[in-house]
Structures are given as structure tokens and as C-alpha cells.
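Visitor: structure for the following, please:
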Amino acid sequence: MNKQIKPQSETIADVAMQSFIVSLCTTEVELFKERENWKQEDQLTAYFQSTPQKAAFGRLMTKAALVTECYNIKEICDKLNLTRQSVHRMVNECLDADWIKVCNRRCNSGEKDKYIANQELVRSTEGYARYLLAKLIETKALENENLLYQLNRLGYL
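Guide: All right, here's what the predicted structure looks like:
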């Protein structure tokens, strides 16, 4: 008896995922290309775009400013999985540049200094957020992600 193997057909979820991956890859390539141009904009942008660790540190400090949740060096190390030495260096560099500030001085209970972004860093991150949103719309990554979200809610993923 000759059994025929039916080719597996792609589901709407498969097509949606493939479309999302393509748009995500397109977005990431565009971000990579444009990152070099951003480094030329100003010192703040050059600093925070110079390494992934500094970019993540800048995002954490911005989040801290927006939700009024300050972090000390140990908490930053824990949140970003970075060494104390590298976090201490970034904190000092950013304090010197006036991109972050101390938001909670040591008190009698022995609590360590905690840090938060200043308004210049918050504005810079807002500019990046607006840019990224436009890029995600342009590459259809946002649209494709939303389709996957809806398919997941309906149980297709």
C-alpha cells in the first residue's frame, strides 16, 4: 500500500510569525546602521550608545526617573547583571557629566546613595522612544507583533 505523505501546510500563525521575524530583522538592521550616526549627535547619545551595558544603564535610570524608583549600585548590579566595578564607573561618569543625580542621600540608617536620571537623559530617551515607535511602524514590526498577540489570545500560538 502506497501511503502519501501530505505536505504540512502553513497556518496563519506560521505566516504571522514569519512576517514578524522578517519585520523584526529589518528593524534591527536599521537600528544597527543608524546607531553609528547617533553617536555623532552629542556626548550623551555617544556615551549611552557606546555599549549595550551603558544603553541598559541609561534605560534603567530613565525608568527610575519616570516611576520615581531610585537604585543604588548594588540594585543596579542586580537589575543589569553587571559587576560592581562597571556600575560604579558608569555611575561616576554619569554623575560627572550631570546625566544622573543622587535622589536619596545616605541617611542615619546607613542606606546607600540611590540614583536617577536627570531631565536631559529622560528627554533623550523619549526621543529614542519616539524614533523607535516610528521605525516599528515603518517596518510593520508593531503591526505583526499585534497580530501575533491577537492570535495568541485566541489560542492559535
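Visitor: show the subsequent helix or strand relative to the helix or strand bottoming out on mean pLDDT in the chain.
Guide: Ranking every helix and strand in the chain by mean pLDDT, DSSP states H and E puts strand 100-104 at the bottom, with a mean of 87. The C-terminal neighbour of strand 100-104 among helices and strands, as given by DSSP states H and E, is strand 114-117.
Visitor: before we move on, the earlier item: tell me the strands beside the least confident helix or strand of the chain, with direction?
Guide: Looking at strand 100-104 with DSSP bridges, its partner strands are strand 114-117 (antiparallel).
Visitor: avg pLDDT for the top helix by length along the chain?
Guide: Longest helix in the chain by number of residues (criterion: DSSP state H): helix 12-38. Averaging pLDDT along helix 12-38 gives 92.
Visitor: return the set of buried residues in that helix.
Guide: 13, 16-17, 19-20, 23-24, 27, 38 (16 or more other Cβ atoms under 10 Å). C-beta: built from backbone N, CA, C; applies to glycine.
Visitor: reformat the residues you listed as JSON lines; add distance to residue 47.
Guide: Listed next are the buried residues of helix 12-38 as JSON lines, based on distance: Cβ to Cβ, whole Å:
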{"residue": "13", "distance to residue 47": "42"}
{"residue": "16", "distance to residue 47": "38"}
{"residue": "17", "distance to residue 47": "36"}
{"residue": "19", "distance to residue 47": "36"}
{"residue": "20", "distance to residue 47": "32"}
{"residue": "23", "distance to residue 47": "30"}
{"residue": "24", "distance to residue 47": "27"}
{"residue": "27", "distance to residue 47": "23"}
{"residue": "38", "distance to residue 47": "11"}
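Visitor: ok, those vs residue 99, which is closest?
Guide: residue 38 (15.5 Å; Cβ to Cβ).
Visitor: contact partners for the closest one?
Guide: Residues counted as contacts of residue 38 (Cβ atoms under 8 Å, 6 or more residues apart in numbering) are 45-46, 49.
Visitor: tell me how far it lies from residue 73.
Guide: 27 Å (Cβ to Cβ, to the nearest Å).
Visitor: swap in residue 39?
Guide: 26 Å.
Visitor: between the two, which one's more packed in?
Guide: More neighbours surround residue 73 than the other of residue 39 and residue 73, with 17 against 14 (other Cβ atoms under 10 Å).
Visitor: surely the more buried one touches residue 90?
Guide: No: counting by Cβ atoms under 8 Å, residue 73 stays clear of residue 90, with 9.5 Å between them.
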